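S.K.: Make a model of this:
(one chain, ligands or ions: 1)
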Amino acid sequence: MKFLCVECDRQMQFEERQLPGDGTLAAAFRCPACGRTVALLTNPMETQLVASLGVKIGGTTIQPQPMETVRGMVTTGRQDAFVEDGEQGARGGPRWSADAQERLTRVPNFVRGMVKRIYLDYAKERGIAEITPAIMDTARTELGLEEM
Ligand SMILES: [Zn+2]
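M.R.: Predicted structure coming up:
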């Protein structure tokens, strides 16, 4: 990750970094030519994603510990994991309609597995055989998951 000062076309230099206990990362970069500074603030999830990419900030690699969580989630979000779940229909679990599958592909990769699981559990609990966009809408409203 690099920051460029557009006006000077210079790479900004890392200036300070804070890693508060809640996982939020704050970093500042300063242009050596004009002195302009840029601050980067990430939430805990983004911090873990950055860490999982092995990005070094200020010469210090963020602790590798929490990133395994993210890697696991990325793995569950893979396309082939999605196919496996689609085949679950044959084993008695809820199926995904083509529309619903299409909609699921618009969910960001790293949360897709989790989102999928939420809908699957919802459908199973209610004996729903096929998950459709309409079911997803209902589930979202009932579970209060407006963002998914
Ligand atoms: Zn500059």
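
S.K.: Following the helix with the most length in the chain in sequence, what is the next regular element?
M.R.: Taking residue count as the measure and DSSP state H as the definition, the longest helix of the chain comes out as helix 109-125. For helix 109-125, the succeeding helix or strand toward the C-terminus, using DSSP states H and E, is strand 130-131.

S.K.: What pairs with that next one, parallel or antiparallel?
M.R.: strand 95-96 (parallel) (DSSP bridges).

S.K.: Which elements pack onto the helix or strand that the strand it pairs with is followed by?
M.R.: Toward the C-terminal end, the helix or strand that comes next after strand 95-96 (DSSP H and E) is helix 98-104. Applying 3 or more C-beta pairs under 8 Å, 6 or more residues apart in numbering; DSSP states H and E, one finds that helix 98-104 makes contact with helix 79-87, helix 109-125, helix 133-143. Using the backbone N, CA and C atoms, a C-beta is placed for each residue, glycine as well.

S.K.: can I get those in JSON lines with distance to residue 31, mean neighbour count and mean pLDDT?
M.R.: Formatted as JSON lines, those follow (distance: least, C-beta to C-beta, whole Å; neighbours: other C-beta atoms under 10 Å; pLDDT from 0 to 100):
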{"stretch": "helix 79-87", "distance to residue 31": "41", "mean neighbour count": "12", "mean pLDDT": "43"}
{"stretch": "helix 109-125", "distance to residue 31": "32", "mean neighbour count": "17", "mean pLDDT": "86"}
{"stretch": "helix 133-143", "distance to residue 31": "44", "mean neighbour count": "15", "mean pLDDT": "88"}
